[in-house]
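Undergrad: Fold the following and give me the result.
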Amino acid sequence: MLYAENKRNNLLKEGFSLIEIMIVLLIGAIVVGGAFAGFRYLQNARVQSTKSKLAALDTAIEHYNASIGEYPQTLEELVEGPQKPNLRRKWAGELASQNDLKDAWGKEFHYNLNSKGSNVPYELYAMHPDGKTQIFSPISQG
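TA: Down below sits the predicted model:
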């Protein structure tokens, strides 16, 4: 009889208690919450990095305009120089690298030269990975 009673007590002790299950769920929630916060931090850091790159490109574009006398037709002209032969002699050298022409997600910046009557000479922006939000350069914001 003693053997049967011990076996029955051991069977009751197998498995997890409610407290143990709750502790495991709590630890899992903490890990998932930390991962989500880390992802948001990374996204915010990439947005800030992209804004810094846009500001640096604004400076390079304005320097190009000051030395050449007109704004570049494309961002690649900041790296390779003007495409027009008569402007090449004014070219002082590379103002940006190919890596500078991409945002923190590795996508190329969008650059549109505006007509001379516009309030801003050009639009320079990046698209956020959500596909909806545009991150504009300081000059493009007017």
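Undergrad: Nearest spatial neighbour of the residue nearest the centre of the chain, chain-adjacent residues omitted?
TA: Centroid check for the chain by CA atoms, centre = their mean gives Arg46 as the closest residue, at 3.3 Å. Spatial nearest neighbour of Arg46, chain neighbours left out: Ala104 (3.8 Å); criterion: CB to CB, 6 or more residues apart in numbering. The C-beta positions use only the backbone N, C-alpha and C, and glycine is treated the same way.
Undergrad: Just to be sure, the one you found is in a helix?
TA: No - per DSSP: H, G, I helix; E, B strand; the rest coil, Ala104 lies outside any helix segment and is coil.
Undergrad: Which secondary structure element is home to the residue nearest to the centre of the chain?
TA: helix 18-68 (DSSP states H and E).
Undergrad: picking up where we left off before, wait, isn't the residue nearest to Arg46 in contact with Asn44?
TA: No - at 10.6 Å, Ala104 does not count as touching Asn44 under the criterion of CB atoms under 8 Å.
Undergrad: In this structure, what helix or strand scores lowest on average pLDDT?
TA: helix 2-13 (a mean of 56; mean pLDDT, DSSP states H and E).
Undergrad: No more questions from me, cheers.
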